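**Student:** Quick one: sequence plus predicted model below, questions after.
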Amino acid sequence: MLLALARPMEVIEEWTMLDTAPLTEALTARVVYRRDDGPELELPLVFDEDPAPPTVELVGTIAPLAVHRVAGRWRARMPPEPGPRNARVVVRSIRTVRSLRLFQAQWPTPRGEASRRVAISPRGWMQGVSGGWTCADDSVATVACVSIDTAPSPLHFRVPPSSTTLGHRVALALCALVACGYVVGARSSTANDRRARAVALVAALIPAVGLALTMVGSRLISWPQGLALACALASIGAALSLLSKRGTTVASAALVALPLLSVFDGRPATSLAGWLVALVATAVVSRIRLAKQAAT
């Protein structure tokens, strides 16, 4: 089987950063194989992390090649028809940029050794050129960098948030609704109750903003959608923490620590998991406290 497996002789990669939400990259690899090595083509290592099979085309044919996975590696099968001694194949894939955290991205992140790499990105996003690259100096909206090393360091980018306008009015309406609810509730409460409400809302708002920030910084949502999310989460957290005084204490301690987790890690999944853990802990403590008060 090893004798029937053709491995790349030459690989040229072209990486293109796409202005999408979430942020995606288009990777195109032009690969040369020796036909005598066998009908099975082992695709370049850089495609192994793709969950879906990439598109593989043999230059000179119309239909794409069949792609399958063997031992964690993507492979393609050559057609039985005879052809040139060297087969030229184009492999394409579009995937999410995983290195984007809090508006910062280290890109591209290649694997394996390619003969040449080209990285194309919006010019205004680039912060600096790393070692192993040379970039074109012109006035076009995009910038093309070519690798001058077999293992170049990633380039540095500051990616702006998504520019979608969906959710502006929804965000303002939701935040206004939360504010009105607290104002109406405070009219018939004592000064201590109003102070407790304000403390609970602020304590819940801090981690909610941290979670929304990580999601906006990863281009999962826009700023208006992040504002709406923060208001909704803050109202939920404040409502749970107000069930008991001990719940307020636990909520304040747990929720204040979450923004640090959001800033240092920067991944929305981690921030969301931490927020849910703190929320569940607050609800459990408050429920236990209420049960003891009812028993007495």
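**Tutor:** Yes, it's here. All values reported here derive from a predicted model rather than from experimental measurement.

**Student:** now what about stretch 107-127, what contacts it?
**Tutor:** For stretch 107-127, contacts defined as C-beta atoms under 8 Å, 6 or more residues apart in numbering pick out 10-17, 19, 25, 29, 44-46, 48-49, 97-99, 133, 135, 140-147, 150-152, 154-160. Backbone N, C-alpha and C define where each C-beta goes, glycine included.

**Student:** same thing but 7 Å
**Tutor:** With contacts defined as C-beta atoms under 7 Å, 6 or more residues apart in numbering, stretch 107-127 is touched by 10-17, 19, 25, 44-46, 97, 99, 141-147, 150, 152, 154-159.

**Student:** For it, what is the distance to the chain centroid?
**Tutor:** Relative to the centre of its chain, stretch 107-127 is centred 18 Å away, using C-alpha atoms, centre = their mean, to the nearest Å.

**Student:** same check, this time on stretch 31-41
**Tutor:** That offset, for stretch 31-41, works out to 35 Å (C-alpha atoms, centre = their mean).

**Student:** same check, this time on stretch 127-146
**Tutor:** Relative to its chain's centre, stretch 127-146 lies at 24 Å (C-alpha atoms, centre = their mean).

**Student:** For the residue nearest to residue 147 when sequence neighbours are not counted, give me phi and psi.
**Tutor:** Excluding the flanking residues, the one nearest residue 147 by C-beta to C-beta, 6 or more residues apart in numbering is residue 117, at 4.0 Å. Main-chain dihedrals, residue 117, degrees, to the nearest 10: phi -130, psi 140.

**Student:** Roughly how far does residue 117 sit from residue 91?
**Tutor:** According to C-beta to C-beta, to the nearest Å, residue 117 and residue 91 sit 14 Å apart.

**Student:** Likewise for residue 121?
**Tutor:** Taken as C-beta to C-beta, the span from residue 121 to residue 91 is 20 Å.

**Student:** Low-confidence bits of the chain, can you list those?
**Tutor:** Low-confidence segments of the chain (pLDDT under 70): 1-3, 139, 164-172, 174, 176, 178-194, 196, 241-263, 281-296.

**Student:** repeat that with 80
**Tutor:** Residue ranges of the chain with pLDDT under 80: 1-4, 81-83, 113, 137-140, 163-207, 235-265, 274-296.

**Student:** show me where it has strands.
**Tutor:** Per DSSP state E, the chain carries strands over the ranges 5-6, 10-18, 24-34, 40-42, 55-58, 67-70, 73-77, 86-96, 104-107, 116-122, 126-128, 133-135, 142-147, 155-158.

**Student:** so which of these gets nearest residue 205?
**Tutor:** Between residue 205 and those, the shortest gap by C-beta to C-beta is with strand 104-107, which sits at 24.5 Å.

**Student:** Flag every buried residue along that closest one.
**Tutor:** 105, 107 (16 or more other C-beta atoms under 10 Å).
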